[in-house]
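how does the following fold in three dimensions:
(one chain, ligands or ions: 1)
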Amino acid sequence: MPSARNYRDLSYWLETCGDDLTPRPALDASIDVDIAILGAGFTGLWTAYYLARRDPSLRIAIVESEIAGFGASGRNGAWCTSGFGAGPDLLTHKYGRDSARAVHLAMVHTVDEVGRVCEVEGIDAHYQRDGELHLAIGKHQLSALDAIERTYAKLGFPEFHQRMNANETMAFLNVDGVQGSLLCNATAAIHPGRLVRGLARNVERHANTTIYERTRVESFEGGANPVLRTAQGNVNATVIVLAGEGYLSQLKPTKRQVLPLYSLIVMTEPLSDSQLQEINWTHRAVTHSQALTVDYLSRTQDGRILFGGRGAPYHFGSGIAPEHDRHQPTHERLKHAVSEWFPQLSGIAFTHQWGGVLGVPRDFVPTMGYDRATGIATSRGYTGEGVAATNLGGRVLADLITDTESDLTDLPMTRHQSRNWEPEPLRWIATRFAQHGAMQIDAKAQRSGQAPSGKSITERLIGH
Ligand SMILES: Cc1cc2nc3c(=O)[nH]c(=O)nc-3n(C[C@H](O)[C@H](O)[C@H](O)COP(=O)(O)OP(=O)(O)OC[C@H]3O[C@@H](n4cnc5c(N)ncnc54)[C@H](O)[C@@H]3O)c2cc1C
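Have a look, this model is predicted:
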């Protein structure tokens, strides 16, 4: 188990979150509560936050194996995005156009809700809603922008993105080789460490909410007597909430429900004002290209560039281990990408690199559900778009658990159940094949100037 000091090394966000990360007391005996939550990331904390406001008499215990924010919530790319793990086309295909519209509207509202809570609760999470820029780097990526525009037009939101040509885009963000973009304003940049740690301090101000840290849930059971079992004691509850995202793959009953995929990040030293002006990144809009390998960039309040990307190898048997947080070939690739995107910054120093685990459901559709019969609730499977979606998940679960009918309880995720991932070695073979294939397809598209066909096995495997 890492010492308090080592938790700072997990990410720039935890290092600069504004508290010293001293672990809270662990559970030391069996207890009885109303709600027992596994995991003190955004999902667990938002669920506790909204439940305690709904019914202050509820006794809530949050059981965390390390410290609040240890998982993806303290390590991510800082996009508080209205994007959702399952895009509108997939949701329309599975649940119809009205449901896809409802999810989209709920997510746009959620981005504002995160900002509102930060404001009213005094959580200084560096929230700045300057939007999300979808870039076409190279002509071959323009067709992907066309597809996004068509999707939102079909959904009845043609105004959701503003299209910009190459010159307009470069005036907004000067990225080498950019051919055009779509700017969507319903996204904020945040400081995730300050948000997750601030939220943890906020929820425990409620007399009936306690966070137990360094207490690993070894197993859980629903039914007549729902329980989270730990080596230090049992947490008996009326409802248990599984808020462990990618880490749920480490518990037997949920082992094949989510695939833990590593996403890695590098971060530069702070840019000077003149460097920021040279690349026109004087705002804090977040951005990415249309590469299948997935890249994502954001800018900190003090002017650092964060460059993240997937591509670090999936580990056999859904392996998660501290040594997988760093994968030097991937980190070097990301550093190289910064100089390709912004040649003006050649020689810029990198001060941080880290990684973390996100949770991918087999069909890419998140689940936000509560089964009254078993007493088990869960919100999970955000596939790398969970910073805002976890807030939606927390509100959905609070409504479901307190039996409050609302627009949220009608969302398709409340009745969604993903099928299991394949057993090994099939899971490993297919995932590594898709990871390798995505890199090959990106490289070929860049070389040839031709957009990917959309019909390859890889594209189908990764849900494109
Ligand atoms: C590198 C990276 C970049 C990302 N970038 C973005 C982004 O820019 N925008 C975006 O929207 N999303 C992003 N995501 C995804 C987003 O961060 C997650 O979807 C979100 O934080 C999930 O929150 P969570 O609370 O569900 O899970 P987590 O934050 O992973 O929290 C789960 C918690 O459960 C605890 N836990 C696990 N198992 C147990 C157990 N057995 N007993 C007790 N506790 C346990 C863990 O220690 C952890 O603290 C990124 C993810 C990663 C890894």
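
other SSEs contacting the helix or strand hosting Asp98?
Assessed by DSSP states H and E, Asp98 sits inside helix 97-121. Helix 97-121 sits against strand 79-81, helix 88-95, helix 142-155, strand 187-189, helix 192-203, helix 389-401, with contacts defined as 3 or more C-beta pairs under 8 Å, 6 or more residues apart in numbering; DSSP states H and E. Placement of C-beta: from N, CA and C, glycine included.

got the contact list for the third one?
If you take C-beta atoms under 8 Å, 6 or more residues apart in numbering as the criterion, helix 142-155 is touched by 87-89, 92, 97, 100-101, 104, 134, 136, 158, 160-161, 163, 179-182, 290, 451.

one step back: what angle do the following helix or strand past the helix holding Asp98 and helix 97-121 make?
Read in the C-terminal direction, the helix or strand following helix 97-121 is strand 132-137, with elements assigned using DSSP H and E. With axes from the mean of the first three to the mean of the last three C-alpha atoms, to 10 degrees as the criterion, the two stretches strand 132-137 and helix 97-121 enclose an angle of 120 degrees.

list phi and psi for Tyr370.
phi -140, psi 120 (degrees, to the nearest 10).

residues near it, how many?
Other residues near Tyr370 come to 22 when the count uses other C-beta atoms under 10 Å.

check Gly122 too.
Here the number of neighbours of Gly122 (other C-beta under 10 Å) works out to 8.

next, the buried residues of the helix holding Asp98.
Residues 99-104, 106-111, 113-115, 117-118 are the ones in helix 97-121 that count as buried (16 or more other C-beta atoms under 10 Å).

again, but for stretch 417-430
Neighbour-count burial for stretch 417-430, counted by 16+ other C-beta under 10 Å, picks out 418, 421, 427-428, 430.

any stretches of this structure with poor pLDDT?
Residues of the chain meeting the criterion pLDDT under 70: 1-5, 462-464.

would you list every one of the helices in the chain?
Using DSSP state H, the helices assigned to the chain run over residues 4-7, 12-15, 42-54, 88-95, 97-121, 142-155, 166-172, 192-203, 273-278, 328-341, 389-401, 426-448, 457-461.

so which of these gets nearest Gly311?
helix 328-341 (5.4 Å; C-beta to C-beta).

excluding its own residues, what touches that closest one? List them.
Counting by C-beta under 8 Å, 6+ apart, helix 328-341 makes contact with 137, 175-176, 264-266, 268, 295, 297, 305, 307-309, 311-312, 345-346, 348, 350, 353, 355, all of which sit outside it.

near the ligand, list only the ones from these.
Filtering these for neighbours of the ligand using C-beta under 6 Å from any ligand atom leaves 265, 308, 355.

how about the residues of the stretch 351-464 of the chain by the ligand?
Going by C-beta under 6 Å from any ligand atom, the residues of the stretch 351-464 of the chain near the ligand are 355-358, 382, 384-388, 390.

isn't Thr404 right up against Asp55?
No - between Thr404 and Asp55 there is no contact under C-beta atoms under 8 Å: 9.9 Å.

which residues of the stretch 51-200 of the chain lie near the ligand?
When proximity is defined as C-beta under 6 Å from any ligand atom, the stretch 51-200 of the chain approaches the ligand at 63-66, 70-73, 75-79, 81.

now do 5 Å
64-66, 70-73, 76-77, 79 (C-beta under 5 Å from any ligand atom).

pull out the buried members of the contacts of helix 142-155.
Burial by neighbour count, judged by 16+ other C-beta under 10 Å, picks out 87-89, 92, 100-101, 104, 134, 136, 160-161, 179-182, 290, 451 from the contacts of helix 142-155.

would you list the ones next to the ligand among the contacts of helix 328-341 in CSV and tack on distance to Trp281 and neighbour count?
Formatted as CSV, these follow (distance: C-beta to C-beta, whole Å; neighbours: other C-beta atoms under 10 Å):
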residue, distance to Trp281, neighbour count
Ile265, 17, 26
Gly308, 16, 25
Gly355, 24, 20
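
residue contacts, the residue nearest the centre of the chain?
Geometric centre of the chain, nearest residue: Gly386, 3.1 Å, by C-alpha atoms, centre = their mean. By C-beta under 8 Å, 6+ apart, the residues touching Gly386 are 42-43, 72-73, 76, 85, 245, 358.

which two of those residues have the greatest separation?
By the measure C-beta to C-beta, the contacts of Gly386 have their two most distant members at Ser73 and Gly85, which lie 15.3 Å apart.

more neighbours: the two, which one.
For Ser73 against Gly85, the residue with the higher neighbour count under other C-beta under 10 Å is Ser73, and the figures read 30 against 23.

one step back: tell me how far the helix holding Asp98 lies from the chain's centre.
Computed by C-alpha atoms, centre = their mean, to the nearest Å, the separation of helix 97-121 from the middle of its chain amounts to 15 Å.

now swap in stretch 40-56 and tell me
Mean C-alpha position of stretch 40-56 versus that of the full chain (C-alpha atoms, centre = their mean) differs by 18 Å.

shift numbering so it begins at 54
Sure thing, new numbering starts at 54, so read that last one as stretch 93-109.
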